[in-house]
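Undergrad: have a look at this fold, sequence not included:
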């Protein structure tokens with residue numbers, strides 16, 4: 001599978017995994033046409049760097065980007081299971097703290 005095929009497959013996986021995101025997180029480029037997705041965590045009340053650090057502790061690597069966004073990138077080595085695991089980690093990181 002070449003890179004272009006993998007990007008098309010990833011977009012299908014992302015759409016399949018998609019749906020409501022936790023705590024008002026928005027995908028800023030919902031008609032994904034590349035291997036990069038930007039999330040706006042503003043409505044979560046959490047700082048992007050805090051979210052990215054918490055994701056890293058769960059083995060998910062994302063980065064902060066311009067305008068307070070979080071940037072996720074895939075490549076040929078990222079599988080559908082990896083995308084699902086990242087989505088689960090994202091939801092857990094953003095879940096309300098239990099008291």
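TA: Sure thing, it's come through. Just so it is clear, the model here is predicted, and its values are computed rather than measured.
Undergrad: how about residue 43, secondary structure?
TA: The three-state label for residue 43, taken from DSSP: H, G, I helix; E, B strand; the rest coil, comes out as helix.
Undergrad: can you check residue 39 too?
TA: Once three-state DSSP is applied, residue 39 turns out strand.
Undergrad: surely it and residue 68 touch.
TA: No. Taking contacts as CB atoms under 8 Å, residue 39 lies outside contact range of residue 68: 10.1 Å. The C-beta positions use only the backbone N, C-alpha and C, and glycine is treated the same way.
Undergrad: which of these two has more neighbours?
TA: Set residue 39 next to residue 68 and count neighbours by other CB atoms under 10 Å: residue 39 wins out with 21 against 12.
Undergrad: what's the spacing between the more buried one and residue 50?
TA: Residue 39 is 14 Å from residue 50, where distance means CB to CB, to the nearest Å.
Undergrad: likewise for residue 85?
TA: According to CB to CB, residue 85 and residue 50 sit 20 Å apart.
Undergrad: check residue 72 too.
TA: 16 Å.
Undergrad: between those two, who's got more neighbours?
TA: Taking other CB under 10 Å, residue 72 and residue 50 do not tie; residue 72 has more neighbours (23 against 13).
Undergrad: and the pLDDT for that one?
TA: On pLDDT, residue 72 comes in at 87.
Undergrad: cool, and the one 4 residues further on?
TA: Each residue has a pLDDT score; the one for residue 76 is 76.
Undergrad: tell me the spacing between it and residue 55.
TA: Note on residue 76: its distance to residue 55, by CB to CB, is 21 Å.
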